[in-house]
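Peer 1: Requesting a structural model of the entry that follows:
(chains A, B and C)
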Amino acid sequence: MKKTNYLEKSFKELNELLKNKVITPTDLVEEAFARIEESDLNAFITLDKENALKEAKELENMEVDNVLFGLPIAIKDNITTKDLRTTCASHMLENFMPIYDATAVEKLKAKHMIIIGKTNMDEFAMGSTGETSYFGNILNPWNKKLVPGGSSSGSAASVSARIVTSALGSDTGGSIRQPASFCGIVGLKPTYGRVSRHGLIAFGSSLDQIGPMTKTVEDNAILLNAISGVDENDYTSKDVTDDFTTYLGKDIKDLKIAVPTYFMSEQVNETVREKVLEVIHHLMKQGCVVEEVNIPYLEYAIPLYQIIGLGEASSNLARYDGVKYGYKAPNYDSLEDMYEKTRSAGFGEEVKRRIMIGTFMLSGENANQYYHKALKVREMLTDGFRKTFEKYDLIIGPTNTNVAYPLGQKGDDALKSFYDDILTIPVNMAGLPAMSLPIGFTEEHLPIGLHIIASYFNEGKIYTLASYLEKYLNLSLDPNKKEEETC
Amino acid sequence: MKSLDKEHVKHVAKLARLRLDENEVSKYEIALNQILEEIEKIENVELTTNVELIAPTENHDLYFHDTVKNELKRNIVLKACGVDETHEYIEVPKVIADEEN
Amino acid sequence: MLVPTIGIEVHVELKSKAKVYSTAKNEFSYEPNTNVTLIDLGYPGTLPKLNREVVNMALKAALALNCEISKDMHFDRKNYFYPDLPKGYQITQSMTPIGHDGYLEIEVNGKKKQIGIERIHIEEDTCKSIHGETGTLLNFNRAGVPLVEIVSKPVIETPEEAVLYLEKLRETLLYLGISDVKIEEGSMRCDANISLHEENTDTFGTKCEIKNIGSIHNVGVSLHYEENRQREILENGGQILHEETRRFDDKTGKTILMRTKETGNDYRYFPEPDLPMIHLTLEEIENTKKQLPIMPDVLRENYRKLGLNENQIKTIIAARDLCEFYEQERKLCDANVLANYLTGDILSFLNREKININELKMDVKELEEFVNRMAKKEFSSKQGKELLNELLENGGKVEEVIKKLGLAQISDTSVLEEMIIKIVNNHPDSVKDYKEGKDRAIKFLMGQVMKETKGQANPSLAMEILKAELSK
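Peer 2: Just a heads-up that it's a prediction; the model follows:
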């Protein structure tokens, strides 16, 4: 087969080609599968080649009626897809075949996007390396000895490697933004309630959001347009409609930007800090007001996450008990035996550890001593953000304290696995929208992400700044072309 | 400072319906104590509010109004539960006629 | 002296059309696993909704039980593993019950007493389990059915009071129209706990809970048994060491140990993040209060004033549909005669036919006419019975049925006069007896009148004429 490179292009470029009949959806689907075959990233758990091709064929006779028409996309494997296996990268749901589409997936199908497959991830979205997957770890397209970040590892890796045009991820404590920054793509966690959680297999119910993961800022805005909106199946979703593409390319010079001291502290890798500072200096030169601020309680993100996030998780994962859907231990001699054998064998180590922590946090007096206090501290932390947004349009800083690191480095440390997310978790606690945008590379040519946070339902402002920086920085973000450039 | 012992770890495992061998109990004893230490940080926070942020949404008073819809056919219910579609019930190991609510 | 302290917990199924957190039908079905949506299965990725009607019904109950209303409410998750609990947690209200600190007034030996209500909250029912030989079968039809749990304060002092409290509670909920409150069908479930302590001390004893008692009567029986059992232990120098959960066996009349409670259940409650906050406005609360139906206590007073006897009052109030019917009809015909037939022949007919009052073939207008004509004593009670039976069995108009049964009355004075003169003349002995003061004689003569007219003489008119003739 002749190798094509259409998947390097943006939504709009592809849309033009499709409209002008230069290419067909089938060409794109075939290219995607050709790229998957060549790839050794282990980015997918389940592929849906037959249906994808069938659908592409059907679309050929239809009018190209929107910019997402006929474009191949990948879906994180904790988002339900009707009749397409959805595993959460867990032995527990290894054979789980949902009987309904998540609302976000339904919306993509209505736009005639073509689902290529389900992406590999940390088990039940618990992890920040992709290494906790039951289906094996995922590799970073920039350097295959490194982690891609997580938990939306396969979504980030496949978009970065140009295997698909874009992907959906989910973000509970940084699971879209951290892998986006490690893989050099644009990942957005929308405002809590912007995208329906109906069909997102719950981890931390008050923290989870589905979001777009794309190559460009414009693609990101277009994809968010497609998946957002109120849904009667999710009472936490909100009716606020917006066209995010209208914010692209807007003037940035009146933007007031805050940089929390905590985000630029010693715990952040020096190169990362320098890159962020370069951006800050440039923005100031452009007339933006950029000021250092102190947002209180940011440093409590990890304990809050462990109490609230894992408390919710321990409850959300109780339904996997061998009675209904999912794995059931083959031999048992009583109900209790079935429960314990099913859950001990069905969940991986990290998931079990987090269930243990969450259960512990809610047991006995701990609910009173820790949980309810945590909810109050969460309010205080959120109030700090609210007050900051009274004066500023955006908050920026690094997405992560570090860049991609070697596989296996995290090891079996109960605490370490949370520390990747110290800058991203506060955003989930407050329910704010935030993006990771590539702003450069380390000396080892590893991508660095800028964290751009806005106030509630103000994703538009994020897109304004991000589109400006993307254009200004004009980075080459295709890992497949890295060799050519460095050689 | 508060700490927890092996018995406590076993109690938590029992609540979570996870079976741990002695090795794992020791592992979790260390892990949970480590986490506990981290969590105790919030003990020191002086509260300035009594408001509990349960979920970051301003939504409130959302309802449906007693309408019946979206019911599934029984074979679909059973399929969804991974049970043979010709059955009438989902079967589990015998439960002693006890109750919990 | 050792005295008991009793607390009662009741779960009541509400009869909304849909379930509480899903749009599945809330209705008994002989087809298992058909009233089910994905939400009721706890299917991965689904989120709960909230049925406003359930909140309304619970609010009515809370107001009728004189509770303080939680204007700002959220739901909580109660976490435990059990096969009948699809999500591994029950969505309930732990921190903000819709009602708290209310009371229900009962009458103990003619004295009024308020039984404190600690709380009333909304929650969901679990799957129905059928315990077979080899395994347990789950029916999800019941999963997510709306419940209110009503917890009394531990202020009930005797098993008799417990029974009175439950009867009153059942009646109140029935009259609110929010539940069928049928214990035998499971739409009302009672747990009772009891402990004994020395009178005039304020330290409570260790309590035992008796779960899921099959009838209100048995609540009394089981509490009596349990009181005596505990008393025997304590008076013989023993101790109740652990809180126990016990079961009542209605065959032996004894309570049986199910399990000793672990050191408190660890339900790991926390606020449910998937359902947004609820704010009940003062206006909503006031409107609901205004719309509460007339409660049985008021009805009882009204009926006493009308002159109904206690049995009739009890019978009418025990069946809400009967009472509603009576409330509507008593203003349109003779209230006493109506009460008489309603609690007598009509009720027996309904029970025999297993139908309710609104399913009668007889038109209400005809019932009104029947009652009024009976009130005017146009027919003998035997005729009345015959007439009513026909109306109940086959419907039709009173007038037509009278003709059909040949019950048409002879109320024509001249016809009756002529006949009675003839009878009086043919029975001089009886006339003599009558004049000598033998009561029997007039009954005999009336009998002759009825015989002659095939029972169709208007009895009061005939008697009047007969007496007039005899006194001539």
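
Peer 1: My guess is C:L164 contacts C:E105. True?
Peer 2: No - counting by Cβ atoms under 8 Å, C:L164 does not reach C:E105; the two are 10.2 Å apart. For the C-beta atoms, the positions are set from N, CA and C on the backbone; glycine is no exception.

Peer 1: between the two, which one's more packed in?
Peer 2: C:L164 (21 against 12; other Cβ atoms under 10 Å in any protein chain shown).

Peer 1: Disregarding residues adjacent in the polypeptide, which is nearest to that one?
Peer 2: Of all residues not flanking C:L164 in the chain, C:I106 sits nearest, at 4.4 Å (Cβ to Cβ, 6 or more residues apart in numbering or on different chains).

Peer 1: give me the number of residues near that neighbour?
Peer 2: Number of residues near C:I106 (other Cβ under 10 Å) recorded here: 21.

Peer 1: which ones are touching the residue nearest the centre of chain A?
Peer 2: The centroid of chain A falls nearest to A:I176 when counting by Cα atoms, centre = their mean (1.9 Å). Each residue near A:I176 by Cβ atoms under 8 Å, 6 or more residues apart in numbering or on different chains is listed here: A:S152, A:S155, A:A156, A:G169, A:S170, A:G187, A:L188, A:K189, A:G211, A:M213, A:S436.

Peer 1: so how far does stretch A:171-179 reach from one end to the other?
Peer 2: End-to-end distance for stretch A:171-179: 10 Å, by Cα to Cα, to the nearest Å.

Peer 1: Which residues are in contact with the residue of chain B at minimum distance from chain A?
Peer 2: For chain B, the residue closest to chain A is B:P56, as judged by Cβ to the nearest Cβ, at 2.5 Å. Neighbour list for B:P56: A:Y192, A:G193, A:S206, A:T382, A:M429, A:A430, A:G431, A:L432 [criterion: Cβ under 8 Å, 6+ apart].

Peer 1: The residue of the stretch 1-150 of chain A found nearest chain C: what's it in contact with?
Peer 2: Relative to chain C, the nearest point of the stretch 1-150 of chain A is A:T80 (4.6 Å; Cβ to the nearest Cβ). Residues in contact with A:T80 (Cβ under 8 Å, 6+ apart) are A:T86, A:P98, A:Y100, A:D101, A:A102, A:V105, A:G199, A:L200, A:I201, C:P44, C:G45.

Peer 1: swap the cut-off to 10 Å and go again
Peer 2: Shown in contact with A:T80 (Cβ atoms under 10 Å, 6 or more residues apart in numbering or on different chains): A:86, A:96-106, A:118, A:198-201, C:38, C:43-46.

Peer 1: Check which helix or strand residue 56 maps to.
Peer 2: You didn't pick a chain, so chain A it is. Element membership for A:A56, per DSSP states H and E: helix A:49-59.

Peer 1: Let's see that helix as CSV, backbone CA atoms only.
Peer 2: Provided in CSV are the C-alpha atoms of helix A:49-59 (Å, rounded to 0.1, in the frame of the first residue of the first chain):
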residue,chain,number,x,y,z
LYS,A,49,-11.2,-2.0,11.8
GLU,A,50,-14.1,-3.8,10.1
ASN,A,51,-16.7,-1.3,11.4
ALA,A,52,-14.5,1.7,10.8
LEU,A,53,-14.0,0.7,7.2
LYS,A,54,-17.7,-0.1,6.7
GLU,A,55,-18.6,3.2,8.1
ALA,A,56,-16.0,5.0,6.0
LYS,A,57,-17.5,3.3,2.9
GLU,A,58,-21.0,4.4,3.8
LEU,A,59,-19.9,8.0,4.3
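
Peer 1: From the chain's centroid, how far away is the helix or strand following it?
Peer 2: Later in the chain than helix A:49-59, the nearest helix or strand by DSSP H and E is strand A:72-76. Centroid separation between strand A:72-76 and its chain, computed with Cα atoms, centre = their mean, to the nearest Å, is 12 Å.

Peer 1: anything in strand A:72-76 near chain C?
Peer 2: No - using Cβ under 10 Å from any Cβ of the partner chain, strand A:72-76 never reaches chain C; the gap is at least 12.2 Å.

Peer 1: So what are the sheet partners of that strand and their directions?
Peer 2: Partner strands and pairing direction for strand A:72-76 (DSSP bridges) are strand A:114-119 (parallel), strand A:166-171 (parallel).

Peer 1: Deepest in the core, which of those strands is it.
Peer 2: strand A:166-171 (a mean of 30; mean count of other Cβ atoms under 10 Å in any protein chain shown).

Peer 1: quick one: pLDDT of the residue of chain B closest to chain A?
Peer 2: Per-residue confidence (pLDDT) for B:P56: 98.

Peer 1: residues contacting the nearest residue to it once chain neighbours are set aside?
Peer 2: Closest residue in space to B:P56, ignoring its immediate chain neighbours: A:G431 at 2.5 Å, by Cβ to Cβ, 6+ apart. In this structure, A:G431 makes contact with A:189-194, A:206-207, A:209, A:236, A:378, A:382, A:385, A:456, B:53, B:55-58, judged by Cβ under 10 Å, 6+ apart.

Peer 1: likewise A:G130?
Peer 2: A:41-43, A:89, A:119-123, A:136-140, A:147-154, A:156-157, A:179, A:182, A:407.

Peer 1: Need the nearest residue in space to it, chain neighbours excluded.
Peer 2: A:S153 (3.0 Å).

Peer 1: next one: C:R170
Peer 2: C:V181 (4.8 Å).
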